[in-house]
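> sequence and predicted structure, then a few things I'm wondering about:
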Amino acid sequence: GVALMPGTGEYALATTPVHFNDGLGRNRSANVNTPSAQTDFSASIRNLVEEVPGCGAVGLVVSWFGNDLRIGECSLQPKVEQKTSDGVGMPWRVCGVDRAHAAVIPKKDGLSVYGGTPCDASVVQAIRHMNAQGLEVMFYPFILMEQGEGNGLPDPLTGADDQPVLPWRGRITTAIAAGRDGTTDGTAAAETEVSSFFGTASVGDFQISGGQVVYSGPNEWSYRRFVLHYAYLCKLAGGVESFCIGSEMRGMTQIRGASNTFPAVEALKVLAADVRQILGAETKISYAADWSEYFGYHPQDGSGDVLFPLDDLWAHPEIDFVGIDNYMPLTDWREGTEHLDAGGGAVAVWDLAALKGGIEGGEGFDWYYADDAARAAQQRTPITDGAHGEDWVFRYKDLRGWWGSEHHPRLGGVRQAAPTAWVPESKPIWFIEIGCAALDKATNQPNKFLDLLSSESALPVHSDGRRDDLIQARYLRAILEHWAEPGRNPVSSVY
């Protein structure tokens, strides 16, 4: 499968031409920019089907915009790029809001920092078009954060006066993050912050009427309104193969309420059941966890706690698979030959056997770096669980160990007798996102990318920044071939 990026553009998903009327005799096209005279979306899908005939699935990414890393202060809204003219033939409308009443995306140097939210009518057209092509659609609601420079919002992670510019949604957490003085983490107050973000919009607050999804619920720009709206929109469009109720909200799913509860995970469980009610039994539902999030949480507070926040979600009867956005490092390559990766027989970072060896080996499986100084010096600490022999607990790469085992939490380092709700081998794992940048040594840190507008922009560690298309292709080939090898991908005794 492939993902349709970037998940923005007011008419990017429309199959019919839309234009803006900028005055007498001045029309400009919103979504026909190809020589074929087809809309951009239709041309893209045609190219996909012709050039990648083996691709049977498409992730449909649609974005709303978040404005604060403090979960209790963060609202989510669909937004437009401008308000002066509307699309002729398809007025912009999302979740009951028209262009005149929509918020506008922030600008930098006179240009919008993102494209606008795709209008509802275009999303319906896109789903129907792909369904008609025989493509399996996975709907992927996406949060883009819009904070600009000098935003004046206190950073929950550092206490700085400003939050980072266009940060990762995985950084959304309590107003003062866990580990900092004054944090609400571990208290009922944290539960209140989480509740504010999710909101109270309910399944009954939406209905399909006149070819639109109509909302009549509380006046809130909340996470529940966001996700439930799109569940109904998918239903209106004729259904989708699968639906993600969120992705990479690591800072959120690790927030603790009172008594070691995880309020965001509880809220996601409720949301999964609600989406099931809307979309029915045939649609596969899950959450796409970050690769550093799916398997567990080890608070770096000296407690010795080993927690499994997402297990209650993975075990939920309305969750069909374990979703992972898989950007795990495969290499630790440095310039020259005087480094440990070169000592293993690999002559270059593109070595396919070495890349495959890093999928269930290397950093995050065999060893880890204790800090940046250890990384610089390649001082590798073996990953072992001396207390109980459950090495997989600390190996984020050990998918098979995690998938096939009972998960026993540890509180204060003490292994609890009762396991979590996760039943070994009970559900398949899907890699919702995989890939790495086309950059020198990108397999060292596949989660790093260049975006000059975003504070998250960074080169992979030890990269010189040169473009490298080969490493991107080799990374994908290594992942796909590794898990396709007979016996590598385990057969479940449960399903």
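Noted; the coordinates are in hand.

> got the contact list for Leu233?
For Leu233, the set of contacting residues under the criterion of CB atoms under 8 Å, 6 or more residues apart in numbering consists of 120, 123-124, 213. Placement of C-beta: from N, CA and C, glycine included.

> chain neighbours aside, what residue packs nearest to it?
Residue nearest to Leu233 in three dimensions, not counting chain neighbours: Val213, with 5.3 Å by CB to CB, 6 or more residues apart in numbering.

> likewise for Pro424?
Excluding the flanking residues, the one nearest Pro424 by CB to CB, 6+ apart is Gly404, at 5.1 Å.

> now do the helices in the stretch 301-450 of the chain.
Remark: helices assigned in the stretch 301-450 of the chain by DSSP state H, counting those that start in this stretch are 311-314, 352-357, 372-377, 399-403.

> wait, which of those is closest to Ala478?
Each of those was checked against Ala478 via CB to CB, and the shortest separation belongs to helix 352-357, namely 3.8 Å.

> how distant is that closest one from the center of its chain?
Centroid separation between helix 352-357 and its chain, computed with CA atoms, centre = their mean, to the nearest Å, is 26 Å.

> with stretch 420-434 instead?
In terms of CA atoms, centre = their mean, the gap separating the centre of stretch 420-434 from the centre of its chain is 16 Å.

> ok, and what's touching it?
By CB under 8 Å, 6+ apart, stretch 420-434 touches 3, 59, 138, 140, 244, 247, 286, 288, 308, 311-312, 314-315, 319-327, 399, 403-409, 476, 479, 490, 492-495.

> strands - which of those residues land there?
Applying DSSP state E to the contacts of stretch 420-434, the entries found in strands are 3, 59, 138, 140, 244, 247, 286, 288, 322-326.

> list just the nearest of these to Ser85.
Distances from Ser85 to those, taken as CB to CB, are shortest for Tyr140 (29.4 Å).

> show me what counts as buried in the host helix or strand of Val214.
Assigned by DSSP states H and E, Val214 belongs to strand 212-215. Within strand 212-215, the residues that count as buried by 16 or more other CB atoms under 10 Å are 212-213, 215.

> what sits closest to Lys83 if chain neighbours are left out?
For Lys83, the closest residue by CB to CB, 6+ apart turns out to be Arg99, at 5.8 Å.

> ok, Gln125 to Ala12 distance?
Note on Gln125: its distance to Ala12, by CB to CB, to the nearest Å, is 11 Å.

> what touches both of the two?
Listed contacts common to Gln125 and Ala12 are Phe41; contacts here mean CB under 8 Å, 6+ apart.

> got the helices of the stretch 301-450 of the chain as TSV, with mean neighbour count and mean pLDDT columns?
Rendered in TSV, the data for the helices of the stretch 301-450 of the chain read as follows (neighbours: other CB atoms under 10 Å; pLDDT from 0 to 100):
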stretch	mean neighbour count	mean pLDDT
helix 311-314	23	98
helix 352-357	19	97
helix 372-377	11	96
helix 399-403	20	98
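
> I'd like to know which of the contacts of stretch 420-434 are buried.
Among the contacts of stretch 420-434, those classed as buried by 16+ other CB under 10 Å are 3, 59, 138, 140, 244, 247, 286, 288, 308, 311-312, 314-315, 319-327, 399, 403, 405, 407-409, 479.

> contacting residues around the residue nearest to Leu233?
For Val213, the set of contacting residues under the criterion of CB under 8 Å, 6+ apart consists of 95-96, 120, 206-207, 229, 232-233, 236.

> got the buried residues for stretch 185-205?
By neighbour count with 16+ other CB under 10 Å, stretch 185-205 contains the buried residues 185-186, 190-191, 193-199, 201, 203, 205.

> for Ile105, grab the count of nearby residues.
Number of residues near Ile105 (other CB atoms under 10 Å) recorded here: 21.

> now the protein, which segments are flagged as low pLDDT?
Applying pLDDT under 70 to the chain flags no residue at all.

> what residues are up against Leu411?
By CB under 8 Å, 6+ apart, Leu411 lies in contact with 260, 303, 305.

> closest to Gly345 out of those residues?
Asp305 (39.4 Å).

> what about Val123, is that helix, strand or coil?
Each residue gets one of three states, and Val123 gets helix by DSSP: H, G, I helix; E, B strand; the rest coil.

> can you give me the first-to-last residue distance of stretch 392-409?
13 Å (CA to CA, to the nearest Å).

> so how far is that stretch from its chain's centroid?
For stretch 392-409, the distance between its averaged C-alpha position and the chain's averaged C-alpha position is 21 Å (CA atoms, centre = their mean).

> now stretch 446-466
Relative to its chain's centre, stretch 446-466 lies at 18 Å (CA atoms, centre = their mean).

> just stretch 267-278 next, same as before
Counting by CA atoms, centre = their mean, stretch 267-278 comes out at 18 Å from the chain centroid.

> okay, buried residues for it please.
Using 16+ other CB under 10 Å as the test for burial, stretch 267-278 gives 267-269, 271-272, 274-276, 278.

> what is the nearest of these to Gln416?
Looking across the buried residues of stretch 267-278 and measuring by CB to CB, the closest to Gln416 is Lys269, at 20.8 Å.

> quick one, phi psi at that closest one?
The main-chain torsion angles of Lys269 are listed as degrees, to the nearest 10 and equal phi -60, psi -40.

> one step back: wait, doesn't the residue nearest to Pro424 sit right on Val491?
No - applying CB atoms under 8 Å as the test, Gly404 and Val491 come out as separate, 10.9 Å apart.

> quick one: Ala190 is in a helix?
Yes - going by three-state DSSP, the assignment for Ala190 places it inside a helix.

> that one and Met252 touch, don't they?
No - in terms of CB under 8 Å, Ala190 does not count as a neighbour of Met252; the distance is 10.6 Å.

> before we move on, back to that, so which of the contacts of Leu233 is the most crowded?
Neighbour tally across those (other CB under 10 Å): the maximum, 26 neighbours, falls on Asp120.

> okay, now Phe142: neighbour count?
The burial metric for Phe142, expressed as a neighbour count using other CB under 10 Å, is 24.

> what angle separates the helix or strand in which it is found from strand 322-326?
Taking DSSP H and E as the definition, Phe142 sits inside strand 136-145. Angle between the axes of strand 136-145 and strand 322-326 is 60 degrees (criterion: axes from the mean of the first three to the mean of the last three CA atoms, to 10 degrees).

> ok, strand 136-145: who's next to it in the sheet?
strand 57-66 (parallel), strand 242-247 (parallel) (DSSP bridges).

> could you point out which element follows the first one?
Which is strand 57-66. Following strand 57-66 in sequence order, the next helix or strand is strand 76-77 (DSSP H and E).

> so how far is whatever helix or strand comes next after that following strand from its chain's centroid?
Using DSSP H and E, the helix or strand that directly follows strand 76-77 along the chain is strand 79-80. Centroid separation between strand 79-80 and its chain, computed with CA atoms, centre = their mean, is 21 Å.
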